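Novice: The amino acid sequence is not available; the structure is as follows:
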């Protein structure tokens, strides 16, 4: 019964997960304490201050008594039913003497900041907090994603010029979903749209799904620099230190990490969502791997241009595994999971359309990433059988040759050298072969073998080996 439930879940995920759902995390709601520099919502004795020269959109969910309210020159307040501001005519014992409470600058949040997005396979997963982990470039909305700004919230997202156009499948704002770019462009020209998306650039809505079961590229390669800049803006573009000496740098990630990278080659039978579900249900559901973060996606192979063997294979499936351990143990749980996944690929990889897999890792206890190539079980068996058969044939041939049990004409024709001398030079003139009554008739039985007269040609022995004249290829016969 449990297995059947898992299979049903896999089918449902495959059916509905042609794109991911990504939700914008920050908001500009009045009741959000993180929006105020003092990290608390203004109360009755306080004076609420909004920056005079900043354009803001503020969602208010409830009534608020205030001593004073300083409004911006340009902005809007979106009021829920019964919400608003009233002059405080009483003292709130929990408010103290009151002070100025200042609203944060709303323009500090950038679209390209990976920290400001959460991803999930379904909207239910978004609501329940079952989020997916992704590399930095894919944490920001990709071209086939559905973007959601939560209803009953206000926001402002800075959308700067990037190295490539940003395309989305759909975008939902204040409960309204846009799948047509013309309609969304009209919304951007509204007073609320101008406050939420001040520009100068804007995303484009295409209503297109990924048509490849093997997965599609995210499309954010062209703005990786902007993504990393936004991610590291609070650390002066410096990546955090990691305990492993030679950290991994996944494709689409801004900083090195301790953990595991698995690169997989695939056939047309591979289904990205089906395999993602297998990894989530078979491995990450285990208690020992509950703290591990797993990201899987199709990426451009960075070694395709430099590798002569992999010419033409520009795309690969990348799996990133990291854990929450620190110091010498950093990446150790991820490494164990990496071994389990590689073993599973060896056993079941072909049935999922995986043709080859390679693993690299970097942990706090290892000074450099290691490489562990792997192929499907069928391919490995074929190679082993081929090697064994090849060695057996060579060994048998050598044994027979040494015992004079069989001499192959073409083997004697090869030139073997050792210390500048031919091996044949060590063979005496009287051991150039052995008498065979079939191929080398002696004078006394020539009459018995000479049936047909001249049709039987002479067999001779030369230093280079045995040969005989074939009447079919006799140079004396006119063609």
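Specialist: Arrived safely, thanks for sending. Keep in mind that this is a model prediction, so the values were computed, not measured. Numbers count the residues shown, from 1 in each chain.

Novice: contacting residues for residue 74?
Specialist: residue 55 (CB atoms under 8 Å, 6 or more residues apart in numbering). Using the backbone N, CA and C atoms, a C-beta is placed for each residue, glycine as well.

Novice: what ranges do the helices span in the stretch 151-300 of the chain?
Specialist: 181-188, 191-196, 224-231, 272-279 (DSSP state H, counting those that start in this stretch).

Novice: mind listing the strands for the stretch 201-350 of the chain?
Specialist: 204-205, 259-266, 293-300, 315-322 (DSSP state E, counting those that start in this stretch).

Novice: For the helices of the stretch 151-300 of the chain, give me JSON lines that also has mean pLDDT and mean neighbour count.
Specialist: Listed next are the helices of the stretch 151-300 of the chain as JSON lines, based on pLDDT from 0 to 100; neighbours: other CB atoms under 10 Å:
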{"stretch": "helix 181-188", "mean pLDDT": "96", "mean neighbour count": "15"}
{"stretch": "helix 191-196", "mean pLDDT": "94", "mean neighbour count": "17"}
{"stretch": "helix 224-231", "mean pLDDT": "95", "mean neighbour count": "20"}
{"stretch": "helix 272-279", "mean pLDDT": "96", "mean neighbour count": "20"}
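
Novice: Can you say which of the ones you listed is nearest to residue 208?
Specialist: Among these, the nearest to residue 208 by CB to CB is helix 181-188 (10.8 Å).

Novice: ok, residues contacting that closest one?
Specialist: Contacting residues not belonging to helix 181-188 are listed as 171, 173, 176, 178, 193, 194, 197, 202, 204, 205, 206 [CB under 8 Å, 6+ apart].

Novice: could you flag which of these are buried?
Specialist: 171, 173, 178, 193, 197, 202, 205 (16 or more other CB atoms under 10 Å).

Novice: Dump these to JSON lines, plus distance to residue 344.
Specialist: As requested, these are exported to JSON lines (distance: CB to CB, whole Å):
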{"residue": "171", "distance to residue 344": "38"}
{"residue": "173", "distance to residue 344": "42"}
{"residue": "178", "distance to residue 344": "41"}
{"residue": "193", "distance to residue 344": "48"}
{"residue": "197", "distance to residue 344": "44"}
{"residue": "202", "distance to residue 344": "44"}
{"residue": "205", "distance to residue 344": "39"}
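
Novice: With respect to residue 287, which of these is nearest?
Specialist: Closest approach to residue 287 among the buried ones among the contacts of helix 181-188 (CB to CB): residue 171, at 38.1 Å.

Novice: Name the nearest residue to the closest one, sequence neighbours excluded.
Specialist: Once flanking residues are discounted, residue 171 sits nearest to residue 147: 4.5 Å by CB to CB, 6 or more residues apart in numbering.

Novice: hmm, back to that, with residue 337 as the reference, name the closest of the strands of the stretch 201-350 of the chain.
Specialist: Taking CB to CB, strand 315-322 is the member of the strands of the stretch 201-350 of the chain nearest to residue 337, at 5.6 Å.

Novice: Nearest spatial neighbour of residue 214, chain-adjacent residues omitted?
Specialist: Nearest to residue 214 is residue 270, by CB to CB, 6+ apart, at 4.9 Å.

Novice: isn't that neighbour right up against residue 357?
Specialist: No - Residue 270 is beyond contact range of residue 357, at 11.6 Å (criterion: CB atoms under 8 Å).

Novice: higher neighbour count, the two?
Specialist: Using other CB atoms under 10 Å as the criterion, residue 270 and residue 357 rank with residue 357 on top: 24 against 21.

Novice: From residue 148, how far off is the more buried one?
Specialist: Distance of residue 357 to residue 148, given as CB to CB, to the nearest Å: 34 Å.

Novice: before we move on, what about residue 317?
Specialist: 27 Å.

Novice: Any idea what the nearest residue to residue 319 once chain neighbours are set aside is bridged to?
Specialist: Leaving out its chain neighbours, the residue that sits closest to residue 319 by CB to CB, 6+ apart is residue 262, at 4.1 Å. Note on residue 262: beta-bridge partners by DSSP bridges are residue 319, residue 359.

Novice: right, and residue 262 touches residue 335 too?
Specialist: No - if you go by CB under 8 Å, residue 262 and residue 335 don't touch, sitting 11.3 Å apart.

Novice: What values do phi and psi take at the residue nearest to residue 171?
Specialist: Dihedral pair for residue 147: phi -100, psi 130, per degrees, to the nearest 10.

Novice: How many neighbouring residues does it have?
Specialist: Neighbours of residue 147 (other CB under 10 Å): 24.

Novice: ok, now which ones touch it?
Specialist: 22, 23, 24, 141, 168, 170, 171, 172, 203.

Novice: Strands along the stretch 1-150 of the chain, start to end?
Specialist: Under DSSP E, counting those that start in this stretch, the stretch 1-150 of the chain gives strands at 21-24, 47-49, 56-60, 63-66, 68-70, 75-79, 84-87, 100-102, 117-120, 146-148.

Novice: In terms of secondary structure, what does the second one contact?
Specialist: Applying 3 or more CB pairs under 8 Å, 6 or more residues apart in numbering; DSSP states H and E, one finds that strand 47-49 contacts strand 63-66, strand 68-70, strand 100-102.

Novice: Adding mean pLDDT and distance to residue 134, write those out as a markdown table.
Specialist: What follows is those, written out as a markdown table (pLDDT from 0 to 100; distance: least, CB to CB, whole Å):
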| stretch | mean pLDDT | distance to residue 134 |
| --- | --- | --- |
| strand 63-66 | 95 | 38 |
| strand 68-70 | 95 | 40 |
| strand 100-102 | 97 | 34 |
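
Novice: want to try JSON lines for those strands, with mean neighbour count and distance to residue 345 as columns?
Specialist: Shown next, in JSON lines, are those (neighbours: other CB atoms under 10 Å; distance: least, CB to CB, whole Å):
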{"stretch": "strand 63-66", "mean neighbour count": "17", "distance to residue 345": "57"}
{"stretch": "strand 68-70", "mean neighbour count": "14", "distance to residue 345": "62"}
{"stretch": "strand 100-102", "mean neighbour count": "16", "distance to residue 345": "55"}
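
Novice: Turn these into CSV, columns for distance to residue 236.
Specialist: Converted to CSV, these look like this (distance: least, CB to CB, whole Å):
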stretch, distance to residue 236
strand 63-66, 38
strand 68-70, 33
strand 100-102, 25
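
Novice: closest one to residue 353 among these?
Specialist: strand 100-102 (56.2 Å).

Novice: Against which helices or strands is the closest one packed?
Specialist: strand 47-49.

Novice: Give the buried residues for the strand it packs on.
Specialist: By neighbour count on 16+ other CB under 10 Å, the buried set for strand 47-49 is 48, 49.
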